[in-house]
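> Following is a predicted model, sequence given first.
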Amino acid sequence: MNGPRPLVFAHRGGAGALPEHTLAAYLRALDEGADGVECDVRLTRDGHLVCVHDRRLDRTSNGRGRVSAKTLAELEELDFASWHPAAATEALQADHVRLLTLERLISTLRDHGGPVRLLIETKHPSRYGAEVERRLVEMLHRYGLAKPKPNDPIQVTVMSFAALALRRIRRMAPDVPTVYLLDIVPPGVGRGRLPFGARIAGPGISLVRSRPQLVSALRAAGHQAYVWTVNEAPDLDLVLAQRPDGIISDRPKFVLDRLENVPPV
């Protein structure tokens, strides 16, 4: 490859190896050399930001109902690990597979040592609307992450499929980079335009398969591009040919190992 290799991000902490959005997954991804990690955040009924992808609890816990209808205390009573195959084969520390709050994730990344990038996706639609971004920016200010400096141990980027959410971040924390996530090509984006507030394009792998020149077009227009969720060898080869800036994967070690063996061009 010409130039630096793309950054590799562990999607939901590296959901292929360990239960997604658990501290166990994030710590393993860091130990395996991931450049950064990705998480989704939702607000609980009592206003806490928690790392859960789905609107409902059914898939990744033994609970039922919506995350937004539960208090933090109620969510902390649930099992967020047993559904994953690794729970039956690995000795996972109990404290590392419980519900993960964004605050605990940030604290862990800060204490882990070494620079790390954190991609935070705000999930919409949400019954709490703009409160999700407001609470997030408050937390970034509290940890000194809303005005990033080159030597900060954690570099935060906010992502969303909702252009309005990115506008809110741009207004409240203009120095924080933002990614506009794409599963379709809205008008103008195919020619390299991104909505106001977005600084990085985030096309999904299905979109890249159907529009194999999209990443190149976005980069030619001066935008960075992070592609998600790249888990298989043919997809990785397709994406690498477009020279993306970042690759988000459930299998970060697989991507890192492949990158080590990619011959220069």
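It's in. Note that the structure is a prediction, hence the values are computed from the model and not measured.
> Near the residue nearest to residue 26 when sequence neighbours are not counted, how many other residues are there?
Of all residues not flanking residue 26 in the chain, residue 13 sits nearest, at 4.2 Å (C-beta to C-beta, 6 or more residues apart in numbering). Any C-beta I mention is one placed from the backbone N, CA and C, and that applies to glycine too. Residue 13: 29 surrounding residues under other C-beta atoms under 10 Å.
> cool, residue 260 as well?
When neighbours are counted by other C-beta under 10 Å, residue 260 comes out with 9.
> so where is the stretch 151-265 of the chain shaky, pLDDT-wise?
Counting by pLDDT under 70, the stretch 151-265 of the chain contains low-confidence ranges at 263-265.
> Which residue ranges of it form strands?
Per DSSP state E, counting those that start in this stretch, the stretch 151-265 of the chain carries strands over the ranges 154-160, 178-182, 200-203, 224-227, 246-249.
> Make a markdown table from the ones you listed and add mean neighbour count to it.
As requested, the strands of the stretch 151-265 of the chain are exported to a markdown table (neighbours: other C-beta atoms under 10 Å):
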| stretch | mean neighbour count |
| --- | --- |
| strand 154-160 | 23 |
| strand 178-182 | 24 |
| strand 200-203 | 25 |
| strand 224-227 | 24 |
| strand 246-249 | 28 |
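> and residue 24, which of those is closest to it?
Residue 24 lies closest to strand 246-249 among the strands of the stretch 151-265 of the chain, at 17.4 Å (C-beta to C-beta).
> Could you tell me which strands that closest one is paired with, and in which direction each runs?
In the sheet, strand 246-249 lines up against strand 7-10 (parallel), strand 224-227 (parallel) (DSSP bridges).
> Model confidence for the residue nearest to residue 26, exactly?
On the pLDDT scale, residue 13 is placed at 97.
> Helices of the chain, start to end?
23-31, 72-75, 102-112, 131-142, 163-172, 205-210, 214-220, 233-240, 252-260 (DSSP state H).
> most tightly surrounded among the ones you listed?
helix 23-31 (a mean of 23; mean count of other C-beta atoms under 10 Å).
> Just the residues contacting it, thanks.
10, 12-15, 17-19, 37, 81, 92-93, 95-97, 100, 104-105, 108-109, 112, 114, 116, 252-253 (C-beta atoms under 8 Å, 6 or more residues apart in numbering).
> and it, how far out from the chain's middle?
14 Å (C-alpha atoms, centre = their mean, to the nearest Å).
> Specify the angle between that helix and helix 252-260 in degrees.
10 degrees (axes from the mean of the first three to the mean of the last three C-alpha atoms, to 10 degrees).
> Export helix 23-31 to CSV, keeping only CA atoms.
Written as CSV, here are the backbone C-alpha positions of helix 23-31 (Å, rounded to 0.1, in the frame of the first residue of the first chain):
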residue,chain,number,x,y,z
LEU,A,23,-15.5,-4.1,28.8
ALA,A,24,-14.0,-7.5,28.1
ALA,A,25,-14.3,-6.9,24.4
TYR,A,26,-12.9,-3.4,24.5
LEU,A,27,-9.9,-4.4,26.6
ARG,A,28,-9.1,-7.4,24.3
ALA,A,29,-9.3,-5.2,21.2
LEU,A,30,-6.8,-2.7,22.7
ASP,A,31,-4.5,-5.5,23.7
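> Offset the numbering so it begins at 484, please.
Will do, 484 is the new start, and the previous item becomes helix 506-514.
> before we move on, the earlier item: got a markdown table for the strands of the stretch 634-748 of the chain, with distance to residue 540 too?
Listed next are those as a markdown table, based on distance: least, C-beta to C-beta, whole Å:
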| stretch | distance to residue 540 |
| --- | --- |
| strand 637-643 | 22 |
| strand 661-665 | 23 |
| strand 683-686 | 26 |
| strand 707-710 | 28 |
| strand 729-732 | 24 |
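> and of these, who's closest to residue 627?
strand 637-643 (9.1 Å).
> Quick check: closest non-adjacent residue to residue 676.
Going by C-beta to C-beta, 6+ apart, residue 676 has residue 704 as its nearest residue, at 7.2 Å.
> which phi and psi does the one you found have?
As for residue 704, its main-chain torsions (degrees, to the nearest 10) stand at phi -80, psi 0.
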